[in-house]
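Chemist: When you get a sec, could you give me coordinates for this:
(chains A and B)
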There are 2 protein chains.
Amino acid sequence: MTSLQSLLGIELAIIQAPMAGVQGSALAVAVSNAGALGSLPCAMLGLEAMRDELVAIKAQTLKSFNVNFFCHTPPTPNAEREAVWRTTLSPYYQEFGLDVSTVPVGPGRGPFSHEAADVLSEIRPAVVSFHFGLPSPELLARVRTWGAKILSSATTVEEARWLESHGVDAIIAQGLEAGGHRGTFLSEDLTRQVGTFALVPQIVRAVKTPVIAAGGIADAKGVAAALALGAAGVQIGTAYLLCSLLRCTPKETITPIHANNPGTQKLQCPTPKTASITIAMKVKTEIVIAVLRNRSTNALFISILIPYIKYF
Amino acid sequence: MTSLQSLLGIELAIIQAPMAGVQGSALAVAVSNAGALGSLPCAMLGLEAMRDELVAIKAQTLKSFNVNFFCHTPPTPNAEREAVWRTTLSPYYQEFGLDVSTVPVGPGRGPFSHEAADVLSEIRPAVVSFHFGLPSPELLARVRTWGAKILSSATTVEEARWLESHGVDAIIAQGLEAGGHRGTFLSEDLTRQVGTFALVPQIVRAVKTPVIAAGGIADAKGVAAALALGAAGVQIGTAYLLCSLLRCTPKETITPIHANNPGTQKLQCPTPKTASITIAMKVKTEIVIAVLRNRSTNALFISILIPYIKYF
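Modeler: Numbering: from 1, shown residues only, chains lettered A, B, ... in the order given. Predicted coordinates for the structure are as follows:
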C-alpha cells in the first residue's frame, strides 16, 4: 500500500488542520517546510485574498501544501428563522453581559466555486481538501486536472464509504474531539458522532482508502495511538493554536472567561505558552454556546459550535 | 513504577469490565484463569446471590479477581418526579409499540454496604472496584483490611484527582465511548464528558496513580493505542458481550431492532458471532432511549442510558 507520505509528497504523516479565520499562509509555509503538510483555509477568503495567500505560499516553499475549501450549499436567508435564533440566544447574551448590537458581522463562509477553481489552477497545489463532503463532479474534475490529491472529512462510517465511492485519495476521520466545524454531510443526527478512539478503527475497517485521524491529537503519544488504531497519518489543529505564526496571535488571542462557572468547559492547550485559551461553553439541548474574548478590543462575542450545514 | 500487572497480580493488563445484569461468576473465572482480571458485578445481586457467586469464583480460580460495587446514594422515591418521567417517556413507548404495564420491574441497584463488606471479608478478593466515586471511609477501610487493591472510575480530570487524593490504587479513565453506566460523581454536567482519546492523556498527566483506559477498546490495536496514550492497562466490556459465558446468551441476547430507523444508532459488535447486537437509541435533549429485545420472551423494553446518579 502506498504510504500517506508518498501519496501527498510529505516526509511526516502530519497534516496541519486548516483553521479558517485564525491562520493564513505563514503557518502553512512553516509546516510544509518542516516536512509535514501545511494547509491554507479558504472558506473565509475572497478571491483576491486567496490568490495573495497562495502566491505567498508558492514563493516560500517548494514542498507540498494543502488548500482547503468548504463545499456546503449556502443557506437562503430566512428572516423568520433568524428571529427565532435571536430569541433563542438572547438569554445567553444577557447572561454574559453582551450587547448584541455591538457584535460585528463576521465574514461569511463561501463554498468552493468555479471562480475559486480558476485561481487555484494558477497555483496547482499538490493537495486540495474539502469539508462537508465534496463539490460537484465538474468542480472536482477541474481540481484533478493538475493531479491534485483530494481529501475530505468523514464523521461517520457511512460518510467514509460515500467519500471512498466518490474517489477521494484519503479520508480524514474526524472524531468528536476535533475542533472546528464538524464535517458532517450525510446526516443531521448528532447522536451518530463518536469519539476518535471509536471512529478511526471503524472507518479503517470499512474502507481501503488511507485514513487520517483527527480529533484530540496534540503530541507524539497521540500520533502513536492514532497509528496503532490503523490510521495512515494524523490531522492536528488545536496544537497549532498558539503558534507565533497564527494570524490571531497576539492580537486576537482568546483569553479565559468564566473559568469557574460550573456551566463552562475549559479547552486546555497542549503547550504552556504565555496565553492560555479557555472557551466558556454552555449546552442547552443541542446548542453549544462558546463565549470568546477578543484580546485587542476586549470585546466578548458568542460563537455557536454546532454543525455548520444544519444551522447556518 | 510498579506495573499494573504486579499491582493487581495479573499477567495481562486487561480488566474485564463488570457488567451488572448480564454476567456472573462464569465469565469472571474464565477471564482470570486466562491471565487477565475477571470481575463480578454486585450492584444487582442480593447478599445471598453475591456470596454464592463469590464462592463459585473462589472454587474455580486461584488467580486475582475483582469484585465491583456501586456506591451511589439511593434516591428517595418521589411520586411527582416519577409521574414526570412517565409522561416524558410515554411517546417512546407508543412509538415502539410497548405496553408499559407489561414491562417487568427489574432489580434495583444497591450501593456497597456493611452487610456486603461482611460477605466480602469471607472471600477477601484481591481487587475491589467502585463506580460513582468511593464508599464511606469506614467501608473503604474494611476492604483495605485484607489488602485488597482499590479501583474506581473517573470521567473527568477532576474526578481522577479526587480519587487519587482519596488513595485509590488505580484509576479507570472512562471515556465517552464506554458502555454501561457513566461513573460520573463530582458533576452532573454532561458537557464535561469527553472521548477516550482526549480523556486518557489528560488524566495520565494529572495524576501519578496508574490509569486504566476504558471506552471503545475492543481489540489488540485498541489496547496498543491506549498504552501509547499513557495508560497502564485497559478495561474492556462490550468485546465480551457475546461470550458464551455470558449469563444472557443465548437466552437474553439482544437482537437488532429498527436497524433502518434514521433515528437509531447501531452498536456494532467487534466479533462476528451468530448474533449481532443492535441498540435502537433516540436522543431527545439529554435523554437517550435504548430499545432492547429479550430474545427468549420476545419482549421489548426501554432502557434509559443516562448517568445513574442523576436520574434514578
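Chemist: Chain neighbours aside, what residue packs nearest to residue A:230?
Modeler: Closest residue to residue A:230 apart from its sequence neighbours, by CB to CB, 6 or more residues apart in numbering or on different chains: residue A:204 at 3.6 Å. For the C-beta atoms, the positions are set from N, CA and C on the backbone; glycine is no exception.
Chemist: Need the three-state assignment for that neighbour.
Modeler: Following DSSP: H, G, I helix; E, B strand; the rest coil, the label given to residue A:204 is helix.
Chemist: any low-confidence regions in the stretch 201-312 of chain A?
Modeler: Low-confidence segments of the stretch 201-312 of chain A (pLDDT under 70): A:242, A:244-312.
Chemist: Repeat that for the stretch 51-200 of chain A.
Modeler: A:96, A:102-107, A:190-191.
Chemist: where's residue A:198, which helix or strand?
Modeler: Secondary structure from DSSP states H and E places residue A:198 in helix A:196-206.
Chemist: That helix to helix B:196-206, inter-axis angle?
Modeler: Interaxial angle, helix A:196-206 versus helix B:196-206 (axes from the mean of the first three to the mean of the last three CA atoms, to 10 degrees): 140 degrees.
Chemist: can you list the residues that contact helix A:196-206?
Modeler: Applying CB atoms under 8 Å, 6 or more residues apart in numbering or on different chains, the contact partners of helix A:196-206 are A:154-157, A:160-161, A:171, A:173-178, A:194, A:211, A:213-217, A:226, A:229-231, B:175, B:177, B:195-198, B:215-217, B:219, B:221-222, B:225, B:268.
Chemist: Could you rerun that using 7 Å?
Modeler: Helix A:196-206 has contacts (CB atoms under 7 Å, 6 or more residues apart in numbering or on different chains) with A:154, A:157, A:160-161, A:171, A:173, A:175, A:177, A:211, A:213, A:215-216, A:226, A:229-231, B:175, B:177, B:195-197, B:215-216, B:221-222, B:225.
Chemist: and the residue nearest to residue A:230, how many neighbours?
Modeler: 21 (other CB atoms under 10 Å in any protein chain shown).
Chemist: before we move on, what about the one 5 residues further on?
Modeler: Applying other CB under 10 Å, we find 21 other residues in the vicinity of residue A:209.
Chemist: In three-state terms, label it for me.
Modeler: Here residue A:209 is recorded as coil under three-state DSSP.
Chemist: That one reaches residue A:164, doesn't it?
Modeler: Yes - contact criterion CB atoms under 7 Å: residue A:209 and residue A:164 qualify, at 4.8 Å.
Chemist: intersection of neighbour lists for those two?
Modeler: Residues touching both residue A:209 and residue A:164 (CB under 7 Å, 6+ apart): residue A:171.
Chemist: for residue A:34, what are its contacts?
Modeler: No contacts exist for residue A:34 under CB under 7 Å, 6+ apart.
Chemist: Residue A:129: what secondary structure?
Modeler: With three-state DSSP as the criterion, residue A:129 reads strand.
Chemist: element containing the nearest residue to it once chain neighbours are set aside?
Modeler: Excluding the flanking residues, the one nearest residue A:129 by CB to CB, 6+ apart is residue A:151, at 3.9 Å. If you go by DSSP H and E, residue A:151 is part of strand A:149-154.
Chemist: Skipping adjacent residues, who's closest to the closest residue to chain B within the stretch 101-250 of chain A in space?
Modeler: Nearest residue of the stretch 101-250 of chain A to chain B: residue A:195, at 2.4 Å (CB to the nearest CB). The shortest distance from residue A:195 to any non-neighbouring residue, by CB to CB, 6+ apart, is to residue B:195 (2.4 Å).
Chemist: what's around that neighbour, how many residues?
Modeler: Neighbour tally, residue B:195, other CB under 10 Å: 24.
Chemist: That one: what's it in contact with?
Modeler: Contacts of residue B:195 (CB under 7 Å, 6+ apart): A:175-177, A:195-197, A:216, B:175-177.
Chemist: Among those residues, which one lies nearest to residue B:188?
Modeler: Residue B:188 has its nearest neighbour among the contacts of residue B:195 in residue B:176, at 15.5 Å by CB to CB.
Chemist: wouldn't that closest one be in contact with residue B:215 here?
Modeler: Yes - Residue B:176 lies in contact with residue B:215 (CB under 7 Å); the separation is 6.5 Å.
Chemist: mind putting the contacts of residue B:195 in CSV, distance to residue B:42 included?
Modeler: Converted to CSV, those look like this (distance: CB to CB, whole Å):
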residue, distance to residue B:42
A:175, 34
A:176, 32
A:177, 33
A:195, 29
A:196, 33
A:197, 28
A:216, 34
B:175, 24
B:176, 25
B:177, 24
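Chemist: need the residues of the stretch 101-250 of chain A near chain B, please.
Modeler: Along the stretch 101-250 of chain A, the residues adjacent to chain B under the rule CB under 7 Å from any CB of the partner chain are A:175-177, A:189, A:191-192, A:194-198, A:201, A:215-216, A:221-222, A:224-225, A:228-230.
Chemist: ok, now with 6 Å
Modeler: By CB under 6 Å from any CB of the partner chain, the part of the stretch 101-250 of chain A that sits against chain B consists of A:176-177, A:191-192, A:195-198, A:216, A:221, A:224-225, A:228-229.
Chemist: Drop the exposed ones from the residues you listed and show what's left.
Modeler: Buried subset of these (neighbour count, 16 or more other CB atoms under 10 Å in any protein chain shown): A:176-177, A:192, A:195-198, A:216, A:221, A:224-225, A:228-229.
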